[in-house]
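Undergrad: sharing a model that was predicted from the sequence below.
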Amino acid sequence: MAHVLDHIFTTLLLVSLVSLAVLSAGHALINKRDPRSALGWILTCLAIPFFGPIFYWGMGVNRIYSRAKRWHMEAGPALILPQAADLPPTKLPGELSYLRELRNLSERVVSTRLLPGNHLVPLENGEEAYPAMLAAIDAAQSSVHLSTYIFDGDETGKRFIRSLTRAANRGVEVRVIVDSLGEKYSVPTAWELLKGSKVEFMRFLPLRPGGYLNLRNHRKIMVVDGRTGFTGGMNIGGRHMVAGPPPVVKDLHFQVTGPVVADLQRTFLEDWHFAKGKQLTDARYFPEIAETGTALVRAVSDGPDKDFRKLNWIILGALSCARRTVTIVTPYFIPDRPLISALITAALRGVEITLVLPELNNLPFLQWASNSYLWELLQQGVRIYAQPAPFAHTKFMVVDRSWSLIGSANLDPRSLRLNFEFNLEVYDLDFAARLEDHCHATLALSRELTLAEMDARSLPVKLRDAAAKLFSPYL
């Protein structure tokens, strides 16, 4: 009798293992877009009993989109906010008309319009950005809406705490969103410092046991009275005061005025609705905004939910439209195969591509992975520069001194697949020239990398970089 039971148990176990392997392999066959990835996972599921399928369901299944959609559904009905009138696409001026295909691409993948009449001011480091932001808060009359990934509780952060608290005490509606993971960078936290004040505070996707560490809100947005905006790559903290004690971080932020500020406001209120479940649709948050400049600007709100990979498509489109030059400044560079192909294709067409990276990254393992991609670009004529310390968190892209992309996103999988990001695409010759001039000043202090240097890496270093590259999708 025991022998029969053992036989039945063994048979059931084998049937279960085979069924799990076949089910997992079938799922990979149907859902994996890359045939190499599909084949790899199919072989893993079929060749390694039990552990292969477990590894596939744990690491090989992309739950990012469905998880983000579910969290948005939990926040309640979609927020309905005032939208710009349904008008034909904004016409590009003559000197920018060759970019109409890029404009058309953005029109199709992003719900926001390209708006005329805007003005953008680059603000370098905390020395320029923070005084302008604090002055705007101190002058606020109706509302201050601030969203950031990191809000340090150091002296710089406390300056913002005091300014926000004063505004709330005089009757201004003050709302702050800080990402739950980014909040952990500092003790005390912004929430602890704001406790007891009239400032409304929300954490984005609070961390909890078994919670997901990805899908972070990496956006940096501040809107004052619905008329003045600030956005870019800069968090709030003393690390961005480069004249202060090390370690410090260089960065660019931007003051924005003009009609596009309404889209910064709209993005903040959508995040507030998601974080708090409270709809704020009053027209007072969207005042009439006069034109303040000549820049055509579109807000690009990107994330792993309804706007999945749209920023990536715009970047690829910009590379395909480039005629003369492309300048990319980014702290984190881990390109996927389509981005590598687009960069190489543009370079082979004769476009001069300049890529500026930090000499020393604050995340060594990420720099190791990045190094493993550089030789392929150098081989095809892409010029790559390493800017010296302190670490530069600056990020922007300029095409033909005509079109620019600024904001919070890096050129890595975390920004382009996992995080909620906010960027602005700008059609304006003067603004593009200012960014190019900033880059040229950086290049004067930077060191150009060469293919010989990449090839001269020792075998242990090459193995280290290649091993880090294997984890590129998760960095």
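TA: Alright, I've got the coordinates.
Undergrad: contact partners of stretch 281-295?
TA: Stretch 281-295 has contacts (CB atoms under 8 Å, 6 or more residues apart in numbering) with 79-82, 116-120, 142-143, 225-227, 257-259, 261-262, 265-266, 269, 426-428, 430-431. Where C-beta positions appear, they are placed from N, C-alpha and C, glycine not excepted.
Undergrad: for ChimeraX, write a command that selects the buried ones of these.
TA: Buried residues among those (16 or more other CB atoms under 10 Å), as a ChimeraX selection:
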select :79,81,116,117,118,119,120,143,225,226,227,257,258,259,261,262,265,266,269,426,427,428,431
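Undergrad: narrow the contacts of stretch 281-295 to those in helices?
TA: Among these, the members falling in helices (DSSP state H) are Val261, Ala262, Gln265, Arg266, Leu269, Asp430, Phe431.
Undergrad: what's the farthest-apart pair in the residues you listed?
TA: Leu269 and Asp430 (30.6 Å; CB to CB).
Undergrad: remind me, longest strand of the chain?
TA: Scanning the chain for the strand with the most residues, using DSSP state E, yields strand 115-124.
Undergrad: distance from the chain centre to whichever helix or strand comes after that strand, please.
TA: Proceeding N to C from strand 115-124, the next assigned helix or strand is helix 125-138, under DSSP states H and E. Distance of helix 125-138 from the chain centroid (CA atoms, centre = their mean, to the nearest Å) equals 22 Å.
Undergrad: show me what contacts Arg103?
TA: Counting by CB under 8 Å, 6+ apart, Arg103 has contacts Pro89, Thr90, Leu92, Leu114, Tyr427.
Undergrad: so it belongs to a helix, correct?
TA: Yes - using DSSP: H, G, I helix; E, B strand; the rest coil, the assignment for Arg103 is a helix.
Undergrad: in the host helix or strand of Phe160, what's buried?
TA: Counting by DSSP H and E, the element that carries Phe160 is helix 155-169. Neighbour-count burial for helix 155-169, counted by 16+ other CB under 10 Å, picks out Thr156, Gly157, Arg159, Phe160, Ile161, Ser163, Leu164, Thr165, Ala167, Ala168.
Undergrad: need those in JSON lines with pLDDT and distance to Ala290, can you?
TA: Output for those, formatted as JSON lines (pLDDT from 0 to 100; distance: CB to CB, whole Å):
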{"residue": "Thr156", "pLDDT": "94", "distance to Ala290": "33"}
{"residue": "Gly157", "pLDDT": "94", "distance to Ala290": "33"}
{"residue": "Arg159", "pLDDT": "96", "distance to Ala290": "30"}
{"residue": "Phe160", "pLDDT": "96", "distance to Ala290": "28"}
{"residue": "Ile161", "pLDDT": "96", "distance to Ala290": "32"}
{"residue": "Ser163", "pLDDT": "97", "distance to Ala290": "26"}
{"residue": "Leu164", "pLDDT": "97", "distance to Ala290": "27"}
{"residue": "Thr165", "pLDDT": "97", "distance to Ala290": "31"}
{"residue": "Ala167", "pLDDT": "97", "distance to Ala290": "24"}
{"residue": "Ala168", "pLDDT": "96", "distance to Ala290": "27"}
